[in-house]
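J.: Quick one, fold the following:
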Amino acid sequence: MNSILKTKLSFMMFLEFFIWGAWFVTLGTYLSTLNATGLQTASVFSTQSWGAIIAPFIIGMIADRYFNAERILGVLHLVGAFLMYQLYQSDSIDSFYPYVLGYMILFMPTLSLVNSVSFRQMKNPEKEFSLIRIFGTIGWIVAGLSISYVFKWDSEAAIGQGMLRNTFLVASIASLVLGVFSFALPKTPPVTVNTNEKKTISQMLGLDAISLLKDRNFLVFVVSSVLICIPLAFYYQYANQFLTEVGMENSTGKMTIGQISEALCLLLLPVFFTRFGFKNTILLGMFCWALRYLLFAFGDAGEMTFMLLFGIALHGICYDFFFVSGQIYTDSKAGVQNKSAAQGLITLATYGVGQLIGFWVAGYVSDMYADIKGESIAQFWNQLWIVPAIIAGVVMLLFMIFFKNEKVSNVE
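T.: I've put the predicted structure just below:
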C-alpha cells in the first residue's frame, strides 16, 4: 500500500472515531443538563443499539448491492453532519431524541463501511489493518483530550454555562469534513454486481449462523455475551456523568486512559490467549468488569482518586479480553461458509440486544435511586455501581460453571 493511500485511510479512521468520541463520551453528562430522567437517558443511549440492529439492512440491501462504499459513507456523514447540528441546537429531551435516533441509524453502518473501504485496498489485511485502525483509537483519544484540556467544556463552570453542547457542533463539523473527504477515497464498488443476488434477512442479521448454538459451549458464550453487555451499558451511559459529579477534573480527558489501555491490551491479548486459553481470558475480562464497578462504587475524587483512575484503566482488559477474544473464538467455531454470519450474530447479540437491555436496566436503576441523589450524590453513585458489579460477578460465575474448557485451534 502506497503512502498516499495509507494517509487517506488513516485520516478516514481518525475522523470516524473522532466524531463518535467527540459527543458520545459526554452524552450522559449533557443529558443531565436537560434534566433527563434515567429512562429518558436510556432511550437516548438505546438509539446506538437500534442503529446496530438496523445497520445490517442498510449495508446488505444498499451498500453491498448498488453503490460504492465510499460514496455511501460520504452521504451518510453529510446527512449526519446536519443531524448533529440539530442536536447542537436542541434544548429539550423531546426535541433531542428524534435527531439522535436518526443520527445513530445512519452512523452505525459507517463503522462497517470504513472497514470495508480499508480491507478492499489491502493485500495483507492481517498485517496492514491494525496500523490503519489504530488511528481510530487516536481520533477518540484526541477528541477526549480536546474537550477536557483544550476547550475545557467538561468543567463544572462550563457545564453550568451550557458549553458542553459545543461537542455536537465539533462533531458536526468533523462529520461534514469526513463526508466531503469520503468522495476522495479509493473507489470501492459492490462485491456483488449482480443485483439479482439478494441477501435474505437472516443473512443480513447473521442468523444463518444460528445452527452454531447447538454447540453447548457456543450457546453459553452467546448468552454470556448478551448478559455482560448489561454492565457494559452502565459504563457507557453513566461513567462520564459520575466522574464529573463526584468532582474529578478533566474527566473526559482522563477517560481516554481507557482507550490507551485498550490499545496496549490488544498487544497482550495474543500472548495471554495462547498461554492461558480462551476460558481463562474471558473470565479475566468478566472479573475486571466487576472489579472496575467496585472501584467506582467505593472510590472518590479525593484520596481515593487512584481507584477511579484504575477503574478507567481496566477498560482495556474489560473490552479486549472479552469482546476481541470472543470474536476470535467465534471465528474458530464457525465454518468457512458461516464466518461472516457468525460475527454478525455476535454483533447483533451484543451491540444490539445486550446493550439495548443494558441501557434500559441502567436507566431503571438510576430512577430507582433518584431520591438518594437528592440527599447524597456519593451514596447515589455507590448504590448505582454496586448493581453492575453484582451482574458481572454473576455472569462470571455462570460462565465458569457452564462453559467447558476447550482449545481454540486457530490461536492456541
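J.: okay but residue 300 is in contact with residue 377, surely?
T.: No: using Cβ atoms under 8 Å, residue 300 is not in contact with residue 377; the gap is 10.5 Å. Every C-beta, even on glycine, is put in place using the N, C-alpha and C of the backbone.
J.: Where does pLDDT dip in the stretch 1-150 of the chain?
T.: Residue ranges of the stretch 1-150 of the chain with pLDDT under 70: 59-64, 126.
J.: Could you pull out the helices in it for me?
T.: Counting by DSSP state H, counting those that start in this stretch, the stretch 1-150 of the chain has helices at residues 3-24, 27-33, 38-58, 69-89, 93-119, 125-145.
J.: the longest helix in this protein is where?
T.: helix 257-298 (DSSP state H).
J.: From the chain's centroid, how far away is that one?
T.: On the basis of Cα atoms, centre = their mean, to the nearest Å, helix 257-298 is displaced by 16 Å from the centre of the chain it belongs to.
J.: which other helices and strands contact that helix?
T.: Secondary-structure packing of helix 257-298 (3 or more Cβ pairs under 8 Å, 6 or more residues apart in numbering; DSSP states H and E): helix 125-145, helix 216-245, helix 305-313, helix 315-319, helix 325-333, helix 377-402.
J.: which residues touch residue 308?
T.: Residues in contact with residue 308 (Cβ atoms under 8 Å, 6 or more residues apart in numbering) are 243, 246, 248, 295, 296, 299, 300, 301.
J.: could you redo those residues as JSON lines and give each row neighbour count and distance to residue 98?
T.: Below are the contacts of residue 308 laid out as JSON lines (neighbours: other Cβ atoms under 10 Å; distance: Cβ to Cβ, whole Å):
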{"residue": "243", "neighbour count": "26", "distance to residue 98": "29"}
{"residue": "246", "neighbour count": "19", "distance to residue 98": "32"}
{"residue": "248", "neighbour count": "22", "distance to residue 98": "32"}
{"residue": "295", "neighbour count": "22", "distance to residue 98": "37"}
{"residue": "296", "neighbour count": "27", "distance to residue 98": "32"}
{"residue": "299", "neighbour count": "23", "distance to residue 98": "37"}
{"residue": "300", "neighbour count": "16", "distance to residue 98": "38"}
{"residue": "301", "neighbour count": "16", "distance to residue 98": "36"}
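J.: Just give me the closest of those to residue 267.
T.: Nearest to residue 267 among these: residue 295, at 23.7 Å, using Cβ to Cβ.
J.: I figured the closest one hits residue 306, correct?
T.: No: counting by Cβ under 8 Å, residue 295 does not reach residue 306; the two are 9.1 Å apart.
J.: so residue 96 touches residue 47, yeah?
T.: No: if you go by Cβ under 8 Å, residue 96 and residue 47 don't touch, sitting 10.5 Å apart.
J.: quick one on the thing from earlier: looking at the helices of the stretch 1-150 of the chain, which is nearest to residue 209?
T.: Nearest of the helices of the stretch 1-150 of the chain (Cβ to Cβ): helix 38-58, 12.8 Å.
J.: roughly how far out does that closest one sit from the chain middle?
T.: The mean C-alpha position of helix 38-58 is separated from the chain mean by 12 Å, Cα atoms, centre = their mean.
J.: Am I right that residue 20 is in contact with residue 140?
T.: Yes: the pair residue 20 / residue 140 is scored as a contact, 6.8 Å apart, by Cβ under 8 Å.
J.: residues near the residue nearest to residue 395 when sequence neighbours are not counted, how many?
T.: Closest residue to residue 395 apart from its sequence neighbours, by Cβ to Cβ, 6 or more residues apart in numbering: residue 227 at 4.6 Å. For residue 227, the count of nearby residues is 21 (other Cβ atoms under 10 Å).
J.: from what I can see residue 227 touches residue 391, true?
T.: Yes: Residue 227 is within contact range of residue 391, at 7.3 Å (criterion: Cβ under 8 Å).
J.: how is this protein carved up into domains?
T.: Per automatic domain parsing, the domain ranges recorded for the chain read 1-184, 205-412.
J.: May I have the residues that are in contact with residue 263?
T.: Residue 263 touches 134, 137, 316, counting by Cβ under 8 Å, 6+ apart.
J.: rerun at 6 Å
T.: residue 137 (Cβ atoms under 6 Å, 6 or more residues apart in numbering).
J.: pLDDT score assigned to it?
T.: Note for residue 263: predicted pLDDT of 88.
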